[in-house]
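Novice: Let's see this in three dimensions:
(chains A and B)
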There are 2 protein chains.
Amino acid sequence: MKTISEAKAFGGVQGVYSHESNECACEMTFAVYVPPQAADGPCPVLWYLSGLTCTHANVMDKGEYRRAAAEHGVIIVCPDTSPRGDDVPDDGDNWQFGSGAGFYLDANAEPWRKNYRMYSYISSELPKLVGEHFPADMARQGIFGHSMGGHGALTIALKHPDRFKSCSAFAPIVQPTTADWSSGAFARYLGDNPESWADYDACLLVESGARFPEILIDQGTADGFLEEGLRPWLFEDACKGTEIDLTLRMQEGYDHSYFFISTFMADHIAWHANRL
Amino acid sequence: MKTISEAKAFGGVQGVYSHESNECACEMTFAVYVPPQAADGPCPVLWYLSGLTCTHANVMDKGEYRRAAAEHGVIIVCPDTSPRGDDVPDDGDNWQFGSGAGFYLDANAEPWRKNYRMYSYISSELPKLVGEHFPADMARQGIFGHSMGGHGALTIALKHPDRFKSCSAFAPIVQPTTADWSSGAFARYLGDNPESWADYDACLLVESGARFPEILIDQGTADGFLEEGLRPWLFEDACKGTEIDLTLRMQEGYDHSYFFISTFMADHIAWHANRL
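Specialist: Prediction:
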């Protein structure tokens, strides 16, 4: 692991690091905030998965998570959203596929299958690295994210209810297999057999019996992607009658931006901290 | 005035606007955050002046001021740091002169004197515009800033102690006439007569009798510009024995970045709110 930068913030350290990823077969960069409480012992870990077009840096710069993380003593890990590099296949300026659009799945179609393994990277490889290099209590992990990263947080939590003690999302893509801005990517990453896509779709996972005890979702009513891309009511329907305790808060007048995310960031970190 | 964007944040509105500036003879862009309390009547105005290389956007994205502004009911105005545009003379990639480096002064040397009038722009033209277009109580104004913007906040407050009720700075350039990264710019903007520069130098203004009742400065001890460019002890010396009540806090381990600024932003906004 290489240290790219470290800076003191809110009494802790905001760092940026990179490493050679086996899963993604390229160098991957990620950000970690370690709160001041880590001086006294391991802290719980909260994973933040970012949305389309983002790197680790967007939420680090604009997400306003450090004050609450320092207050509650939580480590925040912010991975990248896809493999990157000259040796990684991409699709030019397409912001819904390739670089910045890994969709937290393991591709099985050529030429994407070698590098686009964000599911295994986030759920397996990076946790090992974080557990080894940071003062992290890996028995206390939570996960959240925004948009595509909300999709990632929901699906990864639903597949690992024993590992994560908490899950939340800002404006998540709850049914990516049918949304305009994601179904095309699923077809290219996973091949033209929609049944195999269900493993990376929060609604379909719940319908197949996957469970997570409690989930918090905030969604802005002025979000331009609400009706076509996000549709949180589909997840609300899927959870109805199950043991999943879903809190869906429609936030009047908020859009899809970091102005929305940062407004509710402290709420989400407090939610997770109470459960970690 | 043109609205470039508006988004709800922390119950208020973060907007970006532009207008044709007479002082700068070009289109100027600025950001304004209006807190939710403005629905009930005019709010005090706090001016944030940014540092070298910045536009209005850096502190808007990374400064984390909205939570505290919404808590205290303060409007935050974030201007640009220089004139810009195809018709504005510049100096290529020089980050210490020209675009992004207006130094909050009125140039009198050619070819800069036509556009580089940030002192008059910030202290006269933009306040009129803000007073006309926003729910602002212009009888209650404070000013703060970072680095070059800290210099701007100190000098403008010292020249307008009746207008501003509060002043603070993050890592300000306190004596720009003698600092490596600013004295060259002063020579080019103001001509080769250092005596005329004193009007834009916080230390020299205080030595000439300018006063402001109370000033708060935070300075990181790990700031790479501390010894050469910033040197807050010079301002401490200048204020000694005067009626200026200076609080200079050396913050252990903090650097010059927005990680430092955002850490102490809420403190500064509370300081201003108490005096507005």
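
Novice: When you work out contacts or count neighbours from here on, use the C-alpha atoms and nothing else.
Specialist: Will do.

Novice: Would you mind checking which helix or strand in chain A has the lowest mean pLDDT?
Specialist: Across the helices and strands of chain A, mean pLDDT, DSSP states H and E gives its lowest value to helix A:180-190, namely a mean of 96.

Novice: The stretch 101-250 of chain A: helices as residue ranges?
Specialist: A:118-120, A:126-133, A:148-159, A:180-190, A:202-207, A:232-239 (DSSP state H, counting those that start in this stretch).

Novice: So which of those helices is the most surrounded?
Specialist: Compared across the helices of the stretch 101-250 of chain A, helix A:148-159 shows the largest average neighbour count, a mean of 28 (mean count of other CA atoms under 10 Å in any protein chain shown).

Novice: Show me what that one is packed against.
Specialist: Counting contacts by 3 or more CA pairs under 8 Å, 6 or more residues apart in numbering or on different chains; DSSP states H and E, helix A:148-159 packs against strand A:43-49, strand A:136-146, strand A:164-170, helix A:202-207.

Novice: Among the ones you listed, which comes closest to chain B?
Specialist: Within these, the stretch nearest chain B is strand A:164-170; the backing value is 14.2 Å (CA to the nearest CA).

Novice: Quickly run through the sheet partners of that closest one, with directions.
Specialist: The strands beside strand A:164-170 in its sheet (DSSP bridges) come out as strand A:136-146 (parallel), strand A:214-220 (parallel).

Novice: most tightly surrounded among those?
Specialist: That would be strand A:136-146, which, of the strands paired with strand A:164-170, has the most neighbours on average (mean count of other CA under 10 Å), namely a mean of 23.

Novice: what's the angle between that strand and helix A:148-159?
Specialist: For strand A:136-146 against helix A:148-159, the angle by axes from the mean of the first three to the mean of the last three CA atoms, to 10 degrees is 130 degrees.

Novice: who touches the residue most central in space within chain A in this structure?
Specialist: Compute the mean C-alpha point of chain A, and by CA atoms, centre = their mean the closest residue is residue A:49, 2.2 Å away. With contacts defined as CA atoms under 8 Å, 6 or more residues apart in numbering or on different chains, residue A:49 is in contact with A:78-81, A:143-146, A:148-150, A:152-153.

Novice: Pretty sure residue A:140 sits against residue A:273.
Specialist: No - under the criterion of CA atoms under 8 Å, residue A:140 is not in contact with residue A:273, lying 9.6 Å apart.

Novice: what about residue A:46, how many neighbours?
Specialist: The burial count assigned to residue A:46 is 29, neighbours taken as other CA atoms under 10 Å in any protein chain shown.

Novice: beta partners for it?
Specialist: residue A:76, residue A:142.

Novice: That one touches residue A:141, doesn't it?
Specialist: Yes - Residue A:46 is in contact with residue A:141 according to CA under 8 Å; the separation is 5.7 Å.

Novice: hmm, back to that, against residue B:47, how distant is the residue nearest to the centre of chain A?
Specialist: Counting by CA to CA, to the nearest Å, the gap between residue A:49 and residue B:47 amounts to 34 Å.

Novice: Quick one: residues in contact with the longest helix anywhere in chain A.
Specialist: Once chain A is assigned using DSSP state H, the helix that runs over the most residues is helix A:258-275. Taking CA under 8 Å, 6+ apart as the criterion, the residues outside helix A:258-275 that touch it are A:46, A:59, A:62-65, A:67-69, A:72, A:74, A:142, A:146, A:165-168, A:170, A:216, A:218, A:220, A:254, B:7-10, B:14, B:67.
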